[in-house]
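Q: below are the sequence and a predicted model; questions follow.
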Amino acid sequence: MLTNQRYYAAMTSTESAQAPAPVPLKKRLIAIWSLWSWGNATVSAVMVTFVFGTYIADAVGPGGQGTQYLTTANTIAGLIIALTAPVIGQRADNGGRRRRWLVINTMIVIALVAACFFVKPDQAYLVLGVTLMATMTLFDEFANLNYNSMITDISDSERMGRVSGIGWGSGYLGGIVILAIVYFGLVAGEPPHMFGLGEDEMVNVRAVALVAAAWFLIFSLPLLLTPMKTADQRVVEEKVSILESYRRLIGLVIGLWAEDRNTFWFLVSSAIYRDGLSAVFTYGAILGVTVFGFTTSDILLFGIAGNVAAAAGAFIGGWFDDRVGPRRVIATCVTALIITAAILYFLDVQRSIGPLVLTPQTAFWIFGLLLCVFVGPAQSSSRAFLARLAPPSRAGELFGLYATAGRSVSFLTPGLIALLLFTAGGDDKAIIIGVVVILTAGLATLALVHNPTGPAKMREHRILRGS
């Protein structure tokens with residue numbers, strides 16, 4: 001089993017003048033770990049963003065009611081995640097239950113996705129629809145928490161960048177493929193659709209949920225059915241109450257501030273700039289339509305191309321991550337995002353650059369895709385950064401704290417954009433300013449962070465088997 005401790009021990013050993021050759025990575029484990037991400041992408045790409053979230057907003061709760069209900073439900077789910085994720089991760093780490101909880105949470109998500117088939121285009125189904133969607137988001141966050149922590153079991157610190165990049169890029173590509181399948185097979189065009197479905201009660205759109213659930217199930221099974229000994233299985237922990245788990249969480253945060261400021265500031269910085277990274281995709285479609293004159297079909301094509309660009313960036317960024325360190329990759333990408341977004345701000349009208357005439361649509365294709373290229377490696381290297389910090393037996397707990405940090409500041413970008421839109425009289429270009437400000441704040445706090453040089457100093461509560 002490859003662990004952070006083995007890597008750091010090799011790097012710091014004074015008994016040998018030369019570090020031992022790295023243990024070959026188990027490519028099969030990396031492949032099946034990445035397949036889970038390929039399948040899980042259906043949750044964000046199909047269910048949340050492009051198909052089912054839109055179906056609930058337009059067909060189940062028209063007139064803005066669906067959007068209002070869905071936003072409220074997702075806010076509640078986000079609050080639950082912020083309050084519980086570190087403790088969920090901590091308790092999953094105890095006694096080697098990380099893999100078990102990945103299986104449980106994955107199956108719950110698949111069941112919730114499939115259940116969305118029963119949400120008919122009738123306002124009577126609105127509460128059911130938003131409840132299923134928000135609960136799906138909640139358990140998907142818990143599943144990803146366990147999934148992300150498993151990177152410490154399949155890679156060492158020296159090669160975590162490329163492994164994280166492969167997993168993240170696989171997620172982007174999987175989302176593109178399943179989105180194309182359900183869109184062209186079930187949504188677009190005239191009936192009969194895939195499986196001979198018509199459009200009565202929008203059964204073709206509702207069937208997207210069944211296809212999405214089957215997709216996730218098929219590609220998650222290789223990881224879920226593969227026996228794996230994870231680092232948390234070396235840990236013996238007495239059963240503790242929920243209250244004690246929260247007490248330990250508070251102690252962990254205080255301990256990081258007192259003993260490991262690098263980890264503390266990375267959690268703060270990454271929470272801020274990740275909020276800006278999310279906004280690139282969240283508000284990109286809005287900008288494309290309202291500012292740069294894209295049609296709905298143009299945006300769909302851009303979304304597919306953008307995910308390809310982000311996947312390519314994640315693959316390439318992982319290679320650089322292992323060579324120059326995750327901090328430099330993150331800082332470079334965030335800086336490039338700020339510069340690219342600033343350039344895009346001034347290209348909403350036709351401009352001449354020497355002999356070239358740059359239309360707003362062409363500008364958005366060029367610089368919008370460039371934004372996507374840099375988002376991929378920034379996200380992937382952030383996970384690799386934290387994975388290098390995570391003691392393998394407590395990775396779930398630290399990734400849970402990572403999720404909580406992100407959720408705790410998730411209001412920053414939407415709040416700032418709302419304020420800027422109000423002061424700008426509704427000019428959607430203010431969205432770009434908001435994203436730039438948040439990314440700049442994240443980059444500024446990243447100046448307090450250096451590349452990880454060893455596991456985070458997490459105050460120990462566990463009794464380990466053996467030495």
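A: Sure, I can see it.

Q: going forward, measure contacts between C-alpha atoms and count neighbours the same way
A: Noted.

Q: just checking, what packs against the helix or strand harbouring Leu371?
A: Of the helices and strands defined by DSSP states H and E, Leu371 is found in helix 369-389. Applying 3 or more Cα pairs under 8 Å, 6 or more residues apart in numbering; DSSP states H and E, one finds that helix 369-389 contacts helix 151-154, helix 160-182, helix 261-290, helix 296-324, helix 326-345, helix 395-408.

Q: now those helices as TSV including distance to Leu29?
A: What follows is the helices and strands packed on helix 369-389, written out as TSV (distance: least, Cα to Cα, whole Å):
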stretch	distance to Leu29
helix 151-154	7
helix 160-182	11
helix 261-290	28
helix 296-324	17
helix 326-345	23
helix 395-408	18
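
Q: closest one to Pro455 among those helices?
A: Proximity to Pro455 (Cα to Cα) singles out helix 261-290 among those, at 9.2 Å.

Q: related to what we said a few turns ago, what would the helices and strands packed on helix 369-389 look like in TSV with mean pLDDT and distance to Glu190?
A: TSV is the format used below for the helices and strands packed on helix 369-389 (pLDDT from 0 to 100; distance: least, Cα to Cα, whole Å):
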stretch	mean pLDDT	distance to Glu190
helix 151-154	82	44
helix 160-182	89	14
helix 261-290	85	25
helix 296-324	85	16
helix 326-345	94	37
helix 395-408	78	41
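
Q: nearest to Thr49 among those would be which one?
A: That would be, of the helices and strands packed on helix 369-389 and by Cα to Cα, helix 261-290, which comes in at 8.6 Å.

Q: give me the most central residue, the chain.
A: Gln379 (7.3 Å; Cα atoms, centre = their mean).

Q: what's the local residue count around the closest residue to that one other than its chain neighbours?
A: Closest residue to Gln379 in three dimensions, ignoring its sequence neighbours and counting by Cα to Cα, 6 or more residues apart in numbering: Arg274, at 7.3 Å. Per other Cα atoms under 10 Å, the neighbour tally for Arg274 reads 22.

Q: over to Asp428?
A: Asp428, neighbours per other Cα under 10 Å, totals 19.

Q: circling back: for the residue nearest to Gln379, give its distance to Gly442.
A: For Arg274, the distance to Gly442 equals 8 Å [Cα to Cα, to the nearest Å].

Q: could you do Ser408 as well?
A: 14 Å.

Q: which of the two has more neighbours?
A: Gly442 (23 against 18).

Q: so what's the more buried one up against?
A: Contact analysis of Gly442 by Cα atoms under 8 Å, 6 or more residues apart in numbering lists Ser269, Ser270, Ala271, Ile272, Tyr273.

Q: how about the residue nearest to the centre of the chain, what does it touch?
A: If you count contacts by Cα under 8 Å, 6+ apart, then Gln379 has Arg274, Leu277, Ala314 around it.

Q: can you check Leu138 too?
A: Counted by Cα under 8 Å, 6+ apart, Leu138 has contacts Ala77, Gly78, Ile80, Ile81.

Q: and if we set it to 10 Å?
A: Taking Cα atoms under 10 Å, 6 or more residues apart in numbering, we find Leu138 in contact with Asn74, Ile76, Ala77, Gly78, Leu79, Ile80, Ile81, Ala85, Asn105, Val109, Leu132.

Q: filter those residues to the buried ones?
A: Asn74, Ala77, Gly78, Ile81, Ala85, Asn105, Val109, Leu132 (16 or more other Cα atoms under 10 Å).

Q: the third one should be in a helix, yeah?
A: Yes. Secondary structure of Gly78 (DSSP: H, G, I helix; E, B strand; the rest coil): part of a helix.

Q: what's the nearest residue to it if we skip its chain neighbours?
A: Arg407 (6.5 Å).

Q: that neighbour: neighbour count?
A: So Arg407, with other Cα under 10 Å, has 21 neighbours.

Q: any residues in contact with both of Arg274 and Gly442?
A: If you check Arg274 and Gly442 against Cα under 10 Å, 6+ apart, the residues they both contact are Val334.
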